[in-house]
Every structure is written in structure tokens, then in C-alpha cells.
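>>> just to be clear, the model below is a prediction. Sequence and coordinates:
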Amino acid sequence: MSANAVVIGAGVAGLTTAVCLAESGTKVRVDADLAPGETTSAAAGAMWDPYLAEPRDLVERWALATLSELTALSSGQDTGIRMVEGTQESRTPCPLPAWGSAVGARPCPPEELRNGFVTGWRYRAPVVDMPRYLDYLARRLVQAGGSFRRHRYETVAQAMREAPVVVNCSGSGARTLAGDPEVEAVRGQLVVVENPGIESFFCDDTPEADELTYIYPHSGTVVLGGTSDRGDWDVTPRDSVADRIVRRCVAVEPSLAGARVLGQRVGLRPVRSSVRLTEDRHEGGLLVHNYGHGGAGVTLSWGCAREVLRRVRDSGLTN
Ligand SMILES: Cc1cc2nc3c(=O)[nH]c(=O)nc-3n(C[C@H](O)[C@H](O)[C@H](O)COP(=O)(O)OP(=O)(O)OC[C@H]3O[C@@H](n4cnc5c(N)ncnc54)[C@H](O)[C@@H]3O)c2cc1C
């Protein structure tokens, strides 16, 4: 199909952006060398959490816009999103995060904290079963008239020959596609186990912690995390890493001991000093970059997609 807009990338950034464009009446096609289920987005845990992303003021706005959209979607049957209550806890004293009020966070009294933790807060936030959520977004895109093509671009200039508007949502692929050496992969590995009956999430938020520990319950499964290895581009799961993740999670949540392991997931967080949401005019065409969301791509997805939509509308190129 010929398109008025091409979105490069079928992860959460690309699909959300494409849905916004298609639902506003733009003829949009998603071109990507990896299908939604093969992306980093499909590997994510995932929770709403504005984790270490910059620029701070915009991130806050994008995160809040996404929070209200994900919260609204959690009441749908087939979105993969549920509102879950749980705690973030730290082994050393630390302040309530700035975004705490947005999710109704309240400090945990000492008797609510797990062994070894001294501070914590309890709140309710969207937990996203990413493979299901990406399927939902893909269906919603097709319903709005959008389409997909498996295709790899070597340069963004090649994509500019396909449509007047191109949105670059290539995640860590932007390092080569957009020639942006600031983009680095931060490898993350997770373990998926059968749910022994866990209903609350847990996240170790100790600022000085060397390793990540988190537990995100979905309906029948629990995602156990995780790792964060800068500059490691290898997406093959490592059993020794998985064993360590399970051990750390069992130490804080003993009911996980012996839970059947169903799978492992690995993704590459597209980390950058700050999210790149910028535009370039190219010989009568518009190129908008939307990548570099690091460990918060799900959390920022709707806010960033709406910002892209605004810029595309203002260009007048898809009318
Ligand atoms: C283990 C783990 C846990 C995480 N947990 C969370 C969480 O709890 N909450 C949260 O908000 N975030 C989380 N994240 C971060 C989040 O997953 C990422 O920020 C997000 O997935 C990035 O999405 P994206 O669409 O930009 O990139 P991706 O999902 O990587 O998609 C990139 C797309 O671009 C395509 N592409 C790239 N280069 C080219 C090219 N040259 N030609 C054509 N197509 C191309 C790819 O094929 C792919 O379709 C986690 C990440 C990991 C790894």
C-alpha cells in the first residue's frame, strides 16, 4: 500500500505512534525488520515507571499522558493491561519519587516492608503483558486502516522516498539507522514463571543496588527481573543469569521457590542521554525521530506518540 506516513519500527513506540496517526485519518504503514513479538518491547516486564529518562520536564508530561491512557485501557478485555497494587522498597533510606502522587503512593509502615528493606511506598499502577499488548496495538492499527511490511532500511533517506512523512521509531537500531552514536543498548534479561498466586508487584529500588530485582505478576505468569548491561548487544538468554535472577526474587518472595520456569526474555533498552523527539524537514518531506526511551519506552509511549501526531498535523503534509 502507498502511504502518507511511514513509521519505522514495530515496537511500542512505533505501534503507538502508528495508531495515533491512523486514528487521526493518516494513511500509515509500519515498516520494520522485526515483527512486534520479536522486538525489545515484547521482552519488557513491564510497568509504568518513569525510570531514569530525560529530559525530566517532558518525560514527566509524556509519562502522565501515558498513565491515563494505560489506566483507561486496563478496563478493556484484550489489552494485556491490568492495574496492580504493590511496593517499591529500598535497603537504604530514600525519598518518595517525584511521580509518587500521580499513582497515589503512600509510605509503607515498617511492618509492611520485606526483610532487609528500610523504606518503601505502596501504590497502584498499570502492569502490561507486553506480547498481548503489542498484539492489541497491532489489531487496533489494522482496524484504523494501517498496514505492516517487514522491511529493513539502511538509512532514513531510503524511507523518505516512500512517503512525505517518516517517523523513526527504531529503538536501539537508531544507532546505525540514524547514525546516532549516542544510542547504546542496555541489555535486559527476564525470567517468566508460572504464577504461584502472587497478586502484588515488587521492585527493589535501592539506589546503590548492583543488580535489579523485580516481580511483576500477570494473570497466570510472573515476570522476574532483571539485568542491566550497558553495551551488551547479545540477545541470547543466559542460563546462569536466569538462575541468579530467580535466586534474588525468591529471596524477597519465598512463594516463588520451585515455580515452574516458562521462558526467558532478552531485550536491548535504547538508552541515550535524553529521548530524541525532534523533527527535520527534508526536501518537502518531514522526518520525526521518536527513539531513545531507555528503560521507560512503555511508560512514555502515548505521550510521545501524541507529540509526534501534533508535529505531523502541523506540517500539513498528510492532509
Ligand atoms: C528487560 C526489559 C524490561 C523493561 N521494562 C520496562 C518497564 O517495565 N517499563 C517501561 O516503560 N519500559 C521497560 N523497558 C524498556 C522498553 O522495553 C523500551 O524502552 C521500549 O521497548 C523501546 O521501544 P521501541 O519501540 O523504541 O524499540 P523496539 O521495541 O526495540 O522496536 C524497534 C523497532 O525498530 C525496528 N528497526 C530498528 N532498526 C531498523 C531498520 N534499520 N530498518 C527497519 N526497522 C528497524 C525493529 O525491527 C523494531 O521493530 C524494558 C526493557 C527491557 C529490555
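The structure has been received and is ready for your questions. Numbering: from 1, shown residues only.
>>> going forward, measure contacts between C-alpha atoms and count neighbours the same way
Fine.
>>> ranges for the helices of the stretch 1-150 of the chain?
Along the stretch 1-150 of the chain, counting by DSSP state H, counting those that start in this stretch, helices occupy 12-23, 40-43, 56-73, 130-143.
>>> what's next to the shortest one, contact-wise?
If I follow you right, that is helix 40-43. 11-12, 36, 130-131, 134, 190, 265-269, 297-298 (Cα atoms under 8 Å, 6 or more residues apart in numbering).
>>> chain center to that helix: distance?
7 Å (Cα atoms, centre = their mean, to the nearest Å).
>>> sorry, back to before: out of the contacts of helix 40-43, which sit inside strands?
Here DSSP state E is the test, and the contacts of helix 40-43 give 190, 265-269 as lying in strands.
>>> those into CSV, with extra columns for pLDDT, neighbour count and distance to residue 4?
Output for the ones in strands among the contacts of helix 40-43, formatted as CSV (pLDDT from 0 to 100; neighbours: other Cα atoms under 10 Å; distance: Cα to Cα, whole Å):
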residue, pLDDT, neighbour count, distance to residue 4
190, 98, 25, 38
265, 98, 22, 35
266, 98, 23, 34
267, 98, 24, 31
268, 98, 29, 30
269, 97, 28, 29
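>>> surely residue 152 and residue 33 touch.
Yes. Using Cα atoms under 8 Å, residue 152 is in contact with residue 33, at 4.8 Å.
>>> winner for burial among the helices of the stretch 1-150 of the chain?
Most buried of the helices of the stretch 1-150 of the chain by mean neighbour count (mean count of other Cα atoms under 10 Å) is helix 12-23; its value is a mean of 26.
>>> just the mean pLDDT for that one, thanks.
Helix 12-23 shows a mean pLDDT of 98.
>>> what of stretch 180-189?
97.
>>> contacts with the ligand among the ones in strands among the contacts of helix 40-43, please.
Among these, proximity to the ligand is found for 190, 266-269 (Cα under 6 Å from any ligand atom).
>>> of the residues you listed, closest to residue 50?
residue 269 (13.7 Å; Cα to Cα).
>>> tell me if I'm right that the closest one and residue 172 touch.
Yes. Counting by Cα under 8 Å, residue 269 does reach residue 172; the two are 6.9 Å apart.
>>> shared neighbours of these two, which are they?
Common neighbours of residue 269 and residue 172 (Cα under 8 Å, 6+ apart) are 184-185.
>>> what's the burial count for residue 181?
10 (other Cα atoms under 10 Å).
>>> against the ligand, how distant is residue 149?
Distance of residue 149 to the ligand, given as Cα to the nearest ligand atom, to the nearest Å: 10 Å.
>>> actually residue 304, not the one I wrote
Counting by Cα to the nearest ligand atom, the gap from residue 304 to the ligand is 11 Å.
>>> is that residue in a helix, a strand, or coil?
Three-state assignment for residue 304 (DSSP: H, G, I helix; E, B strand; the rest coil): helix.
>>> once you drop chain neighbours, what's closest to it?
Excluding the flanking residues, the one nearest residue 304 by Cα to Cα, 6 or more residues apart in numbering is residue 62, at 6.0 Å.
>>> what do you get for residue 227?
Leaving aside its sequence neighbours, residue 227 sits nearest to residue 188 (Cα to Cα, 6+ apart; 4.8 Å).
>>> quick one: residues contacting the nearest residue to residue 302 once chain neighbours are set aside.
Excluding the flanking residues, the one nearest residue 302 by Cα to Cα, 6+ apart is residue 66, at 4.7 Å. Taking Cα under 8 Å, 6+ apart, we find residue 66 in contact with 299-303.
>>> residue 66 and the ligand: what is the separation?
Residue 66 sits 10 Å away from the ligand, going by Cα to the nearest ligand atom.
>>> relative to residue 204, how far out is that residue?
Using Cα to Cα, to the nearest Å, residue 66 is found at 23 Å from residue 204.
>>> likewise for residue 122?
Using Cα to Cα, we find residue 122 at a distance of 12 Å from residue 204.
>>> the two: which has the busier surroundings?
residue 122 (23 against 20).
>>> would you check that that one makes contact with residue 106?
Yes. Using Cα under 8 Å, residue 122 is in contact with residue 106, at 5.5 Å.
>>> residue 75: neighbour count?
By the measure other Cα under 10 Å, the count of residues near residue 75 is 13.
>>> give the contact list for it.
81-82.
>>> quick check: residues of the stretch 51-200 of the chain near the ligand?
Residues of the stretch 51-200 of the chain lying near the ligand (Cα under 6 Å from any ligand atom): 151-154, 169-173, 177, 187-190.
>>> tell me the one among those residues nearest to residue 312.
So of these, ranked by how close each gets to residue 312 (Cα to Cα), first place is residue 169, at 14.4 Å.
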